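Enquirer: Provide a 3D model corresponding to the input given below.
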Amino acid sequence: MIYPGYQPWDPYRPSMIRRPEDDIASLERELEELEDEKIEIERAIEDVKKEISRRKRESASRSDIA
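Expert: Residues are numbered from 1 along each chain as shown. Below you'll find the predicted structure:
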């Protein structure tokens with residue numbers, strides 16, 4: 001979006017100043033995405049832990065049988 005009077009090619013004009021509200025909203029969205037990603041990673045870790053304990057139990061039961 002080009003604003004009136006804004007010339008991005010002019011090196012002597014400062015870039016458009018972002019409003020703090022925009023920065024805050026952007027950071028809040030990023031935080032939500034990271035929290036969702038954290039939850040997914042924690043679930044994946046729990047799945048791996050369950051799989052490890054299941055395999056340990058299976059190997060222990062096999063060694064008991066043999």
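Enquirer: remind me which residues of this structure are low pLDDT?
Expert: 1-16, 65-66 (pLDDT under 70).
Enquirer: Could I get the full set of helices for it?
Expert: Remark: helices assigned in the chain by DSSP state H are 20-65.
Enquirer: From residue 51, how far off is residue 32?
Expert: 29 Å (Cβ to Cβ, to the nearest Å). Any C-beta I mention is one placed from the backbone N, CA and C, and that applies to glycine too.
Enquirer: now residue 34
Expert: From residue 34 over to residue 51 the distance is 26 Å, taken as Cβ to Cβ.
Enquirer: for residue 26, same thing?
Expert: As judged by Cβ to Cβ, residue 26 and residue 51 stand 38 Å apart.
Enquirer: what's the answer for residue 39, then?
Expert: In terms of Cβ to Cβ, residue 39 sits 19 Å off from residue 51.
Enquirer: Please apply the same query to residue 37.
Expert: For residue 37, the distance to residue 51 equals 21 Å [Cβ to Cβ].
Enquirer: State the distance from the residue nearest in space to the middle of the chain to residue 54.
Expert: Centroid check for the chain by Cα atoms, centre = their mean gives residue 34 as the closest residue, at 3.2 Å. Distance, residue 34 to residue 54, by Cβ to Cβ: 30 Å.
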